[in-house]
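Student: fold the following and give me the result.
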Amino acid sequence: MQFWKVTLTIFSLMTLALAPAVLAQTNPTNGTSDDLTGSQWLLVEMNGAMPVDGSEITLAFGDDARVSGSAGCNQYGGPYTSNDGNIAFGMLVSTRMACPGEGIMEQEAAYLAALESATTYAIDGDTLTIETEDGALVFEREAQLAGSQWLLVSLNDTPVVEGSEVTLAFGEDGRVSGSGGCNSFGGSYSADGDSIDFGMLVSTLMACMADDLMEQEAAYLAALESATTYTIDGDTLTIETEDGVLVFEREAQLAGSQWLLVSLDDTPVVEGSEVTLAFGDDARVSGSAGCNQYGGPYTSNDGNIAFGMLVSTQMACPGEGIMEQEAAYLAALETATTYAIDGDTLTIEHADGALVFERVTG
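Tutor: Sure, this is the predicted structure:
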């Protein structure tokens, strides 16, 4: 009897430890939903009309259940709540500048009033639509540097040295890091509008065997330090420098992504079941195995992936094949070896086959 008490106590503690990570994927935090948090948007249409020519209206959803942005002239901010496609903005406070330009101030007043009468929202890819009492606000997603990771494709119209990997990662703290193809580097950066500036970049000092690698690395770091402007077009980052241009392609990222299982070892998921996998920013995963919620740690590097001990709830669910699929899925994760992201498809190879997922957006 004492043994069972200890076992049940351990399981209860494991379940309690798992619950916050699992519930964060399904329940709102502070009344907000994860698909909005951290996103930034540019208004492209208000009640069927395009914004006044030359004006820029933005909307950014913070991690603190607050929004901020530019209403075309003044900066504004305030609280918001969202849940299951419903959204509401609290009292929005703005600066009080009077801006020149025909229609600018009228548009601003209409935009802020529209936000305060918002009712529902929907995200379709890179488009956010907020329905209001009198119409709709349509936004397109703003490209963000912070948190993005890139792989160099060409330097001044010259492809990177075959077999080399030159990277650039923008942190949330105003710092960059990456590999010059041989040495690792890091430093600070600032971006304003389309302007970009890198501070002094510090790198390790290993000597690589191939001369062309060292020459490419020196040219790359010098180019970054002379950067002037940047543009992001989908999955392509272009940085103009004093003497040329750097072109990057976006590196596929696991952190912050969410996925829905399509097939397990070439077998489609059981009809009516939903198996999910969410990669947190804290090196942990969570999701539904089709019946029970699960979670645990993971590590990934250069296409390799490993999951630590995955802890799950212990419900018994009805439905033919559900429990067998769940057991096979969790076992597959724990024997995972490599992964690849191709657009909106994630493939995880494991000891006996492969898991194929599709990206969950919105």
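Student: dump the residue contacts of residue 309.
Tutor: Taking C-beta atoms under 8 Å, 6 or more residues apart in numbering, we find residue 309 in contact with 296, 297, 334. For glycine as for every other residue, the C-beta is placed from the backbone atoms N, C-alpha and C.
Student: possible to save the residues you listed as TSV with neighbour count?
Tutor: Formatted as TSV, these follow (neighbours: other C-beta atoms under 10 Å):
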residue	neighbour count
296	18
297	14
334	15
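Student: quickly list the domain ranges of the protein.
Tutor: Structural domains assigned to the chain are 40-141, 149-250, 258-359, following automatic domain parsing.
Student: do a quick rundown of the helices in this structure.
Tutor: Assigned by DSSP state H, the helices in the chain fall at 2-26, 104-116, 211-225, 322-334.
Student: can you give me phi and psi for the residue nearest in space to the middle of the chain?
Tutor: Nearest to the geometric centre of the chain sits residue 256, at 4.8 Å (C-alpha atoms, centre = their mean). Here the main-chain torsion angles of residue 256 (degrees, to the nearest 10) amount to phi 90, psi 0.
Student: next one, pLDDT for it please.
Tutor: For residue 256, the model assigns a pLDDT of 79.
Student: again with residue 124
Tutor: Taking residue 124 on its own, its pLDDT is 88.
Student: burial of it, as a residue count?
Tutor: Using other C-beta atoms under 10 Å, the number of residues around residue 124 comes to 9.
Student: dump the residue contacts of the closest residue to residue 343 other than its chain neighbours.
Tutor: Nearest non-adjacent residue to residue 343, counting by C-beta to C-beta, 6 or more residues apart in numbering: residue 359, 8.0 Å away. By C-beta under 8 Å, 6+ apart, residue 359 lies in contact with 257, 258, 259, 260, 343, 344, 345, 346.
Student: and if you look at residue 166?
Tutor: 151, 152, 155, 160, 178, 179, 180, 181, 216, 217, 220.
Student: any idea how far the fifth one lies from residue 344?
Tutor: Read that as residue 178. Relative to residue 344, residue 178 is positioned 25 Å away (C-beta to C-beta, to the nearest Å).
Student: what about the two, which has more around it?
Tutor: residue 178 (25 against 13).
Student: measure the more buried one to residue 249 for me?
Tutor: For residue 178, the distance to residue 249 - C-beta to C-beta - is 14 Å.
Student: could you check how far residue 292 is from residue 124?
Tutor: Going from residue 292 to residue 124 by C-beta to C-beta gives 31 Å.
Student: likewise for residue 161?
Tutor: Distance from residue 161 to residue 124, by C-beta to C-beta: 40 Å.
Student: now residue 344, what are its backbone angles?
Tutor: Taking degrees, to the nearest 10 as the convention, residue 344 sits at phi -100, psi 20.
Student: I'd say residue 75 and residue 68 touch.
Tutor: Yes - shown here, residue 75 and residue 68 form a contact pair, counting by C-beta atoms under 8 Å, at 7.2 Å.
Student: need the overlap of contacts for the two.
Tutor: By C-beta under 8 Å, 6+ apart, no residue touches both residue 75 and residue 68.
Student: quick one, strands of the stretch 151-300 of the chain?
Tutor: 158-159, 167-170, 175-179, 184-192, 195-198, 202-203, 227-233, 236-241, 245-250, 258-264, 267-268, 276-279, 284-288, 293-301 (DSSP state E, counting those that start in this stretch).
Student: give me the number of residues near the closest residue to the residue nearest to the centre of the chain other than its chain neighbours?
Tutor: Leaving aside its sequence neighbours, residue 256 sits nearest to residue 281 (C-beta to C-beta, 6+ apart; 5.8 Å). Other residues within reach of residue 281, judged by other C-beta under 10 Å, total 10.
Student: having no further points to raise, I will conclude here.
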